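In: Model the structure of this input:
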Amino acid sequence: MKRKSIKKILLLGVFSSLLILSGCNIDSSLSSLSSESTEEQKESSTTSSVATNESSEIVTESSEPIEESTETITESSGTTEESTESTPADTEETSTEPSSSAEEQTSVEEGSSSESNESSEEEIEPTYFIDDEFDREYAYRDYDLETYVPLTDPYTHIQTKYDRADFYNYDYHRATSYEDAVFRTKHGLISGDIKDTPENYSYDINHLPDRNYRNYASYRVNEGVYEYDQAGEFLSYTINNVAGKTKKIYYGAGYVTLEDVAAYLFAFAEAPANVHNAKNKSAQTAIINTWGEYGRVNNSYYSSDTTHYLYEAELPETDNGLGKDKNTHLDYFEMDFGFTQTPWGYGEESYEPYNNGNSIVRGTVRFVYTARRQLDEKLGAKYIPIERRHVFLTFNHYNDFIEYLNYENGWGVPFGWMSAGNDYVAGMSRSKYGPGYYDFIDPYPQTSYPVPTIKSLTGLQTIINR
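Out: Sure, this is the predicted structure:
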């Protein structure tokens, strides 16, 4: 059951898609900004928590664990970058004063990864990717908006799902301050983008990567600008953008669009606030009651056990079920990523929404991300250096993986089962969702994880613009 005609002549011209916006959300717990998760949190309806907003400064962080600091630290692969940030305005009362976290100081610390000689790098040849079988079109907005810092809670009037619908349908913008994101999360409101498709589309969110930078899918950025409070806890992360546009995500906030969620998982190594750790019916009901159609479920351990799931590709930084030294390895988590249209809905094309506001159809789309150290099970980005963090999208239920490269619209070369030329596999054994691994006779071996070349953001910009 190999893919005899793999459509290699398809879509050599799928090079120019538009850019995707990102979105954010903050946990309803306003008093703590914990970067660790506990087993008790697995039963809670959200997975992120928010610290009390003390006066703070922006810190550009290195790949070392976060220490209590009030400076801006950029996690970096060796290049100092200045951060310019702007944020959007709301129609509520707007403060022209900087937020309590707006005092900025920038410094750069080196990551452990070194940057390759840029003059010798070549962009990859145009080629067929397995996700090219999916048609997509994107629309973007909400860059370079005025910062809105509410002094009091502007969302106290939002009490029902109809109130939430009015909020989203009337002149909606993403949150542009930590304070605004905190208040939004308190009321189950998204802080990031809620639409990434053209206005005339019948669905709002299209969840596979565009391929605007497909020729640069071998480059990854290992740096980023964080904002912390005075206790050294996360407040925000500025999403890397090769076009020089600025957009932030806020710790503990809720996100739904592809780029926002990917950046959130990479920056914080935790799921956004609108994701329930459990996946059962009661969890689905609880998350819908709190977040409406933007609720997600299933933030849980992912084994990456390729000795049991023989069709899955090996992932970096973990033992892949081989029992290697846990002192040096990381554990992955997975979480559902809601979709509206995907080329494989359990083996067939599907247009069923993930969450219609009343019920959830989980489908095949997942994020898989580094979440904790195996040695002591410490959770979160504080314990995982930036060069060891990985975020993968699997849109066909672990058949293939695509790595988020830590910049907006930066996605790697797909690798895995279908990328090798095999048909969709639904599991080890046949089920109602499709054929099993044992149904395949002499399948092609999975393609392996393509190790990216590390670049600074400015270095990548130089390559793309030359």
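
In: What is the subsequent helix or strand relative to the helix-or-strand element of the chain with minimal mean pLDDT?
Out: Using mean pLDDT, DSSP states H and E, strand 106-110 stands out as the lowest-scoring helix or strand of the chain, at a mean of 34. Once strand 106-110 ends, the next helix or strand along the chain (criterion: DSSP states H and E) is helix 161-169.

In: Quick one: name whatever helix or strand follows that next one.
Out: Scanning forward in sequence from helix 161-169 by DSSP H and E, the next helix or strand is helix 178-186.

In: Just give me how far that following helix sits from the chain centre.
Out: On the basis of CA atoms, centre = their mean, to the nearest Å, helix 178-186 sits 19 Å off its chain's mean C-alpha point.

In: and that helix, what's its mean pLDDT?
Out: The predicted model gives helix 178-186 an average pLDDT of 98.

In: who are the neighbours of the helix or strand just after that helix, in terms of helices and strands?
Out: On the C-terminal side of helix 178-186, the closest following helix or strand by DSSP H and E is strand 219-221. Contacting strand 219-221 under the criterion 3 or more CB pairs under 8 Å, 6 or more residues apart in numbering; DSSP states H and E are the following elements: strand 453-455, helix 457-465. Heads up, the C-betas are built off the backbone N, CA and C, glycines and all.

In: Sheet partners, orientation included, of strand 219-221?
Out: For strand 219-221, the paired strands and their directions (DSSP bridges) read strand 453-455 (parallel).

In: Now do the strand it pairs with: distance to the chain's middle.
Out: Here strand 453-455 shows a centroid-to-chain-centroid distance of 19 Å under the convention CA atoms, centre = their mean.

In: picking up where we left off before, with mean pLDDT, mean neighbour count and distance to Ala253 added, can I get the helices and strands packed on strand 219-221 in CSV?
Out: What follows is the helices and strands packed on strand 219-221, written out as CSV (pLDDT from 0 to 100; neighbours: other CB atoms under 10 Å; distance: least, CB to CB, whole Å):
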stretch, mean pLDDT, mean neighbour count, distance to Ala253
strand 453-455, 97, 23, 28
helix 457-465, 95, 17, 23
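
In: what's Glu314 in contact with, if anything?
Out: 304, 306, 320, 448-449 (CB atoms under 8 Å, 6 or more residues apart in numbering).

In: hang on, I meant Ser218
Out: Contacts for Ser218 (CB under 8 Å, 6+ apart) come out as 124, 412-413, 450, 452-453.

In: Just name the lowest-scoring one in the residues you listed, pLDDT-wise.
Out: Checking pLDDT across the contacts of Ser218, the minimum falls on Ile124 at 59.

In: for the protein, which spans come out with low pLDDT?
Out: 1-126, 324, 341, 343-349 (pLDDT under 70).

In: Spatially central residue in it, please.
Out: For the chain, the residue nearest the mean C-alpha position is Ala262 (1.1 Å; CA atoms, centre = their mean).

In: Leaving out the residues flanking it, which one is nearest to that one?
Out: Counting by CB to CB, 6 or more residues apart in numbering, Tyr404 is the residue found nearest to Ala262 once chain neighbours are left out, at 4.1 Å.

In: And Glu334, by the same measure?
Out: Beyond its immediate neighbours in the sequence, the residue positioned closest to Glu334 (CB to CB, 6+ apart) is Tyr302, lying 4.0 Å away.

In: Dig out what that neighbour forms beta bridges with.
Out: When bridges are called by DSSP bridges, Tyr302 pairs up with Tyr332.

In: Next secondary structure element downstream of the helix or strand where the residue nearest to the centre of the chain lies?
Out: Using DSSP H and E, Ala262 sits in helix 258-268. Once helix 258-268 ends, the next helix or strand along the chain (criterion: DSSP H and E) is strand 275-276.

In: and stretch 364-371, how far out from the chain's middle?
Out: Mean-position distance between stretch 364-371 and its chain equals 9 Å (CA atoms, centre = their mean).

In: what's the distance between Ala313 and Asn422?
Out: In this structure, Ala313 and Asn422 are 12 Å apart, going by CB to CB, to the nearest Å.

In: the more surrounded of these two?
Out: A direct count of neighbours by other CB atoms under 10 Å for Ala313 and Asn422 places Ala313 higher, at 25 against 22.

In: List the residues that contact that one.
Out: Applying CB under 8 Å, 6+ apart, one finds that Ala313 lies in contact with 306, 400-401, 415-417, 446-449.

In: Nearest residue to it in space, please, no chain neighbours.
Out: Gly416 (4.1 Å).

In: thinking again about what came up before, between the helices and strands packed on strand 219-221, which one is closest to Ile249.
Out: With CB to CB as the criterion, Ile249 lies closest to helix 457-465 of the helices and strands packed on strand 219-221, at 16.4 Å.

In: Show me where the stretch 251-400 of the chain has its helices.
Out: Under the criterion DSSP state H, counting those that start in this stretch, the stretch 251-400 of the chain carries helices at the ranges 258-268, 281-291.

In: quick one: contacts of the last one?
Out: Yep, that's helix 281-291 we're talking about. Looking at what lies outside helix 281-291 - CB under 8 Å, 6+ apart - the contacts are 28, 45-46, 188, 190, 254, 274-277, 295-297, 355, 357-360.

In: before we move on, back to that, any chance of JSON lines for the helices and strands packed on strand 219-221, columns distance to Ile441?
Out: Below are the helices and strands packed on strand 219-221 laid out as JSON lines (distance: least, CB to CB, whole Å):
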{"stretch": "strand 453-455", "distance to Ile441": "37"}
{"stretch": "helix 457-465", "distance to Ile441": "43"}
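
In: These: which one's closest to Gly436?
Out: Using CB to CB as the criterion, the shortest distance between Gly436 and the helices and strands packed on strand 219-221 is 36.6 Å, found for strand 453-455.

In: Which among the helices and strands packed on strand 219-221 is found nearest to Tyr155?
Out: Judged by CB to CB, the one of the helices and strands packed on strand 219-221 that comes nearest to Tyr155 is helix 457-465, at 34.3 Å.

In: what helices or strands is that closest one leaning on?
Out: Secondary structure elements in contact with helix 457-465, counted by 3+ CB pairs under 8 Å, 6+ apart, are strand 219-221.

In: After the strand it packs on, which helix or strand is next?
Out: Toward the C-terminus, strand 219-221 is succeeded by strand 224-229 as the next helix or strand (DSSP H and E).
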